[in-house]
Structure formats: structure tokens, C-alpha cells
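Chemist: Give me a model of this one.
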Amino acid sequence: MMLGLQFANGLAFGIDEALYVTAAAPGLVYRYEWKSDGTLGPSENFADLIDRSQPAGFIGGDGLAVGQNGYLYCAVVGQSDVMVVDTVGSVVERIPVGGKQPTNVAFGPEGSGDIYVTVKDAGTLERHHIGVDGLPLLPSK
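Modeler: The predicted model follows:
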């Protein structure tokens, strides 16, 4: 299936079982309804990840992970943070990182309440305690 996205990066299923996709250009998170036959519904502009009050430059969404609270944790390259987006698409928090280019986000082991973030320009892997665990990637058996 072709989605027609420019510089699509992160993708994850949300707590609502929709597919969420970040795109570096234009810095949005798109939401796609996941249909029972395995196809996707039309795209919806779900959230804008870019702080548009900052100076221009390359800024865009990269990796993302989903918390058990349903929030999206999105690495934003060029903006030095992980944006936290709630279940209705509002930015509720910015988690600063130690460089300009965070690229991926993953949750730690169950019960840790941690996220791990790779930061390309700093060459680091950072741990941030957020008090939320990640949504399981696989269904329970």
C-alpha cells in the first residue's frame, strides 16, 4: 500500500489500534484507521510536532513509541526534544534531550517507567524516567 508520505519515519499502533506515522516533512503525525480486513482508512493530520516559533531549519518527526496511557512519544530531529502527544493530538509535554537530533524512542522493560532515546549528533543513548510503561508491541497470548 502506498501512503504518499515524504520522509516517513516512525510508525506504531496506538491504544485505539490505529496506525500512527511520523513524517519529517512537514513535521506531522498522521493517523490511519486500521480496518478489520488489514487495510488502512484515509489519513488524518493528527498532530504537529514542530515548535513553529523557533528559527527555521530542518525539523521533523522521526521515531515514535506509544505509552500505556495512549500518548505518543515522538523524537523530533532538529528540535532537541521528544514531543509527547495525547490521545486527541495535543502536545502535552516536551522532553529535552542532550543534542539537536533525537532519532528513536523505545520504552524500557515493563515496570521501569523509562524511555530510551538515541541522539544522533551527540552520539548518545539517553534514559528518561517518565513514570509510564510502553504499550505492548505484540498481543498477549
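Chemist: and Pro130, what is it in contact with?
Modeler: Just to correct that, residue 130 is Ile rather than Pro. Gly67, Tyr73, Ile95, Gly113, Asp114, Ile115 (CB atoms under 8 Å, 6 or more residues apart in numbering). To be clear about C-beta, it is placed using only N, CA and C from the backbone, and glycine gets the same treatment.
Chemist: and the helix or strand where the second one lies, what other elements does it pack with?
Modeler: Put plainly, it is Tyr73. Assigned by DSSP states H and E, Tyr73 falls within strand 72-77. Applying 3 or more CB pairs under 8 Å, 6 or more residues apart in numbering; DSSP states H and E, we find strand 72-77 packed against strand 8-13, strand 60-66, strand 81-85, strand 102-107, strand 114-119.
Chemist: what packs against the longest strand along the chain?
Modeler: For the chain, the longest strand by residue count, based on DSSP state E, is strand 40-48. Using 3+ CB pairs under 8 Å, 6+ apart, the elements in contact with strand 40-48 are strand 28-34, strand 81-85.
Chemist: Apply 10 Å and report the result again.
Modeler: Helices and strands touching strand 40-48, by 3 or more CB pairs under 10 Å, 6 or more residues apart in numbering; DSSP states H and E, are strand 19-23, strand 28-34, strand 72-77, strand 81-85.
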